[in-house]
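# 3D, please:
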Amino acid sequence: MQLPVYLDYNATTPCDPQVVEAMLPYFTRQFGNAASTHPLGWTAAAAVEKARGQVARLIGATAQEIIFTSGATEADNLAIKGVYEAYAGKGKHMITVATEHKAVLDSFEHLEKQGASVTYLPTDALGHVSLEALEAAITAETILISVMYANNETGVIHPIRAISAIAKKHGVLFMCDATQAVGKISVHVLEDGIDLLACSAHKIYGPKGVGALYVRRKDPRVRLVAQLDGGGHERGFRSGTMNVPGIVGFGQAAELCRLHLDAEHARLSALRNRLENGLLALGNVTVNGDATHRLPQVSNLAFGQVSGEMLSAAFASQVALSSGSACNAASMEPSYVLQAMGLSDALARASLRLSLGRFTTEAEVDFVVETISQAVRQLRTQVFSA
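Model (predicted):
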């Protein structure tokens, strides 16, 4: 068994070998710029369009509704800031949730400095937002509601269709950061009523540095103001030379996820339950968030009677996991997501996010259960003997 055992798939995933194989020709033989008007350029452009269709199929969109970006962070920025600039004449009020990813929260914070009014809805102890509070927050000035499909730290899945129905009822656009959900559970932009959706390749066994924004083309046709200038690529939404190898890899990764979605969901759920049950057997361990409505690969656990800092250090060389979002890994502060759900600072610090993936095995899960259990027992013994 290779150490450390990797259980941080929510942070990033390794490229699937089939993805790497699909990408390789576009680094060497087929290296053309997709905007060039000669055979190498046409070949590159055709590869991009094939990938666009593959990503679209994964989320139930049309190829023309997919805008390639450098990742979900750029897609979030383009969606939120682009909507604000395009619809500011109608209103400057937007609604989001306190447990959103920083790419969303920081974009709204930026717009507040530009004159936007933003409502940040709280969640309950399970990580859910009140639909009644959401609808009550809508005003005549509201132009956008942004709620993630599933939380990146707890895996809690929001009632997307109910939220989109409220948005549609009031004529408000609905944006969804679905970075953690796409490729893990069934996501269908039309059936879910989503107007804008952000996702990323490196969360689904594709390469880093490429993502996508879905922009609805009818009922309603969503307008955006581009945030990058310089050539009008991607139908004017996103200028810049296209990352052809990355886009090809994204497309292949999306196709693999689509083909194996149900089987992988069942396999990961079983592994996650095996992992979780083994650690819950320690006692004084609780699941953070709604254990029923969540992604199949995520378990966020709070360990009572241990120091969070000592817990993570106790097995760092043997298990690769995280205590929250990878985007906040440099911070020593407790998870703002868990704090928003009502956890104390001490318990939030003593919480671990374990996320499994395509290459996780039963043997690895059993090793992690034993390794963490041994560390927790030892740390608790030190507490009681102190």
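# Which parts of the stretch 251-386 of the chain are strands?
Per DSSP state E, counting those that start in this stretch, the stretch 251-386 of the chain carries strands over the ranges 285-287, 298-303, 319-320, 351-355.
# Report all helices and strands that the second one contacts.
Taking 3 or more Cβ pairs under 8 Å, 6 or more residues apart in numbering; DSSP states H and E as the contact definition, the neighbouring helices and strands of strand 298-303 are helix 244-280, strand 285-287, strand 351-355. Where you see a C-beta, it was placed from the backbone N, CA and C, and this is true even at glycine.
# For Gln382, find the nearest of those.
Checking the helices and strands packed on strand 298-303 against Gln382 by Cβ to Cβ gives strand 285-287 as the closest, at 17.4 Å.
# Show the average pLDDT along that closest one.
Mean per-residue pLDDT for strand 285-287: 97.
# circling back to that earlier point, quick one: the strands of the stretch 251-386 of the chain as TSV, columns for mean neighbour count too.
Formatted as TSV, the strands of the stretch 251-386 of the chain follow (neighbours: other Cβ atoms under 10 Å):
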stretch	mean neighbour count
strand 285-287	17
strand 298-303	24
strand 319-320	19
strand 351-355	25
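# In JSON lines: the ones you listed, plus distance to Trp42.
Shown next, in JSON lines, are those (distance: least, Cβ to Cβ, whole Å):
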{"stretch": "strand 285-287", "distance to Trp42": "52"}
{"stretch": "strand 298-303", "distance to Trp42": "42"}
{"stretch": "strand 319-320", "distance to Trp42": "42"}
{"stretch": "strand 351-355", "distance to Trp42": "40"}
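# Which of those strands sits closest to Ser70?
Smallest distance to Ser70 across the strands of the stretch 251-386 of the chain (Cβ to Cβ): 22.8 Å, for strand 351-355.
# Let's see the distance spanning stretch 103-121 from one end to the other.
By Cα to Cα, to the nearest Å, the extent of stretch 103-121 from end to end equals 17 Å.
# buried sites along that stretch?
103-108, 111, 116, 118-121 (16 or more other Cβ atoms under 10 Å).
# What of stretch 217-224?
222, 224.
# ok now that stretch, how far from the chain's centre?
Offset of stretch 217-224 from its chain centre (Cα atoms, centre = their mean, to the nearest Å): 23 Å.
# now do stretch 250-270
How far stretch 250-270 lies from its chain's middle: 16 Å, per Cα atoms, centre = their mean.
# With stretch 221-233 instead?
Its chain's C-alpha centre and that of stretch 221-233 lie 23 Å apart, by Cα atoms, centre = their mean.
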